[in-house]
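Asks: quick one: sequence plus predicted model below, questions after.
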Amino acid sequence: MKPDEKRDEDPPARNFIHPSPRMPNIKVFTGSSHPDIAKKIVNRLGLNLGRATTKTFSNKETNVEIGESVRGEDVYIVQSGCGDINDNLMELFIMINACKIASAFRVTAVIPCFPYSRQDKKEKSRAPITAKLLANLISVAGADHVITIDLHASQIQGFFNIPVDNLYAEPAITKWIKENIPEWESSVMVSPDAGGVKRMTAIADRLDIDFAIIHKERQRESDTDDSTVLVGDVRNRTAIMVDDLADTCDTIVKGAQKLRESGANKVYAILTHGVLAGNAIEKINNSCLEAFVITNTIPQDKHIITCPKLQVMDISAILAEAIRRTHYAESVSYLFTNVPY
């Protein structure tokens, strides 16, 4: 047969078009640490909460059962770092792994309050960097992505080998100030310690108002007594303290007292994560604060009953919008400066 002759059995030429991959559906599950915020997230997204059950065996082992198929799905697991933190973390690891080995397309850990975030560096010899360890555990469990709010130290994002979206409560705080503090234009933003200066100045710049700093210094004559120095003028003005986390509330309460002694008319405290451990509620009730405002990254149902000064901002809309934008591969940078409607 000559080279230019065509064989009868040769099939006609065809153009093969590979089908585009299907966009998976969203499945949102929740652990036992904060189911309320998970319900608000799925309501915002118009979804039903995924079926999953968690229980503890008599020997204290955690058991998780995913009650529906996640094969090929875009899975989000909501679990905040609060309550019985270590048990809740183990529950998160197991849920991530259960979805991953059930062939989920992607598993995202939504951690509104990231635990162990204050253990982000070596403070002394032989001290652990527990935040790095936790990042490794989340990755090894099988998470492909992490969404959180106001990390105590932003460099924790670098501890992960997977994408981390560190959202900010700053837009929600700014909105609350404008809607709830009379004559906020003449108020003063205050950082209760040196570590929160960057966060405080960002909000002050957004509102275009003055700011001040409370600096704690060690007395040379004594090894135990500390004194606080206010850098800035708050006389006859409203002072607004902002920080990322309130645990025992000693710093906030002492800072509020210093501001009142320095001539402030009113003092507000606005924080992202309200741990409120020990007798923190009693300290807030007995303080000179007008209001103590926190977000609902940690459940506050019990605290709000016993603390009339406590007010809670709902940030579930921010998390829901971050999940929606992640699912559709849209930018989440809009949420760094805006509150979704």
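Replies: Great, that's in hand. Numbering: from 1, shown residues only.
Asks: for the stretch 101-250 of the chain, give me the ranges with low pLDDT.
Replies: For the stretch 101-250 of the chain, applying pLDDT under 70 flags the ranges 218-226.
Asks: mind listing the strands for it?
Replies: Using DSSP state E, counting those that start in this stretch, the strands found in the stretch 101-250 of the chain span residues 106-111, 145-149, 164-167, 188-191, 210-218, 226-231, 238-246.
Asks: need the ones you listed in TSV with mean neighbour count and distance to Ser33, can you?
Replies: (C-beta placed from N, C-alpha, C; glycine too.) Shown next, in TSV, are the strands of the stretch 101-250 of the chain (neighbours: other C-beta atoms under 10 Å; distance: least, C-beta to C-beta, whole Å):
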stretch	mean neighbour count	distance to Ser33
strand 106-111	25	9
strand 145-149	22	14
strand 164-167	20	18
strand 188-191	25	29
strand 210-218	16	32
strand 226-231	13	34
strand 238-246	24	16
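Asks: for Thr30, which of those is the nearest?
Replies: strand 106-111 (9.0 Å; C-beta to C-beta).
Asks: tell me the strands beside that closest one, with direction?
Replies: Strand 106-111 sits in its sheet next to strand 74-78 (parallel), strand 145-149 (parallel), going by DSSP bridges.
Asks: pull the CA atoms of the last one into CSV?
Replies: Provided in CSV are the C-alpha atoms of strand 145-149 (Å, rounded to 0.1, in the frame of the first residue of the first chain):
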residue,chain,number,x,y,z
HIS,A,145,-7.8,25.0,54.3
VAL,A,146,-8.4,26.9,57.5
ILE,A,147,-10.7,29.9,58.2
THR,A,148,-10.3,31.8,61.4
ILE,A,149,-10.8,35.2,62.9
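Asks: for the residue nearest to the spatial centre of the chain, name its beta-bridge partners.
Replies: With distances taken as C-alpha atoms, centre = their mean, the chain has Ile149 as the residue nearest its mean C-alpha position (2.4 Å). With DSSP bridges as the criterion, Ile149 is bridged to Leu167.
Asks: figure out which of the strands of the stretch 101-250 of the chain is closest to Ser333.
Replies: Across those, Ser333 has its closest neighbour in strand 164-167 (9.6 Å, C-beta to C-beta).
Asks: packing partners for that closest one?
Replies: The helices and strands touching strand 164-167, judged by 3 or more C-beta pairs under 8 Å, 6 or more residues apart in numbering; DSSP states H and E, are strand 145-149, helix 316-327.
Asks: no further queries at this time; thank you.
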